[in-house]
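In: Generate coordinates for the sequence data below:
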Amino acid sequence: MKEEKMIKLIFLILILPIKANAFISISNTIFSQEYEEYRVVEIENSLSVNLNYFYSINKSWLVGISTNRLTAQFLSQEGILIDKATNTAIRTRTKLTTDSLGFFRVVKSYLIGGNIINARKKADLYIRAEKIADSKESELIYGLSFGKIFNSGVLTATYIFGNKDFNLKRAINFSYAIKF
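Out: Numbering: from 1, shown residues only. All right, here's what the predicted structure looks like:
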């Protein structure tokens, strides 16, 4: 089953540039997280490299898809949490893989729209160098985007709504996609 999904993804990546505009983007996400059992001391911003495709439905509407699967295995986000019960410092390392689908209204050289993001989070918790826990979660999260279209690419800012299961209060993503 997993091989079948991978074959479909490879096929999509190979065929989509024929019909769509292909971009590579660099993005940075600023997270605001809240846990029941931990107090957040510090969470790094999340750097990501994405493969994007934009397809014009007509002059007023675009559809975009994006994935960070190619680099998500190499990039991680780290942070420090304090266990509320024991007052112990815990280091967290998180790898986040995202696939998103967005629908955008184009007005002159600006775009505004909404995103559905399939986010998969793999988190490991450490006290000193000892791994004490790990988790894997997958959720659909949602966002609103505003962007500016330039000759060389697209600059966007996306507000990502909170998700209790992800311990996410909100996030803001800034991305610049360069056409290739």
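In: buried ones in stretch 60-75?
Out: 62, 64, 65, 66, 67, 68, 72 (16 or more other CB atoms under 10 Å). Quick note: C-beta positions are derived from backbone N, CA and C, even for glycine.
In: Need the residues you listed in CSV (columns: distance to residue 144 and pLDDT).
Out: Shown next, in CSV, are the buried residues of stretch 60-75 (distance: CB to CB, whole Å; pLDDT from 0 to 100):
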residue, distance to residue 144, pLDDT
62, 15, 91
64, 14, 91
65, 17, 90
66, 15, 93
67, 20, 92
68, 19, 92
72, 23, 82
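In: Among those, name the ones in strands.
Out: In this view, these that belong to strands under DSSP state E are 62, 64, 65, 66, 67.
In: Please name the bridge partners of the residue nearest to the fourth one when sequence neighbours are not counted.
Out: This points to residue 66. Nearest residue to residue 66 in three dimensions, chain neighbours excluded: residue 52, at 4.4 Å (CB to CB, 6 or more residues apart in numbering). Residue 52 forms beta bridges with residue 23, residue 66, as assigned by DSSP bridges.
In: Give me the distance between residue 52 and residue 64.
Out: Residue 52 sits at a distance of 6 Å from residue 64 (criterion: CB to CB, to the nearest Å).
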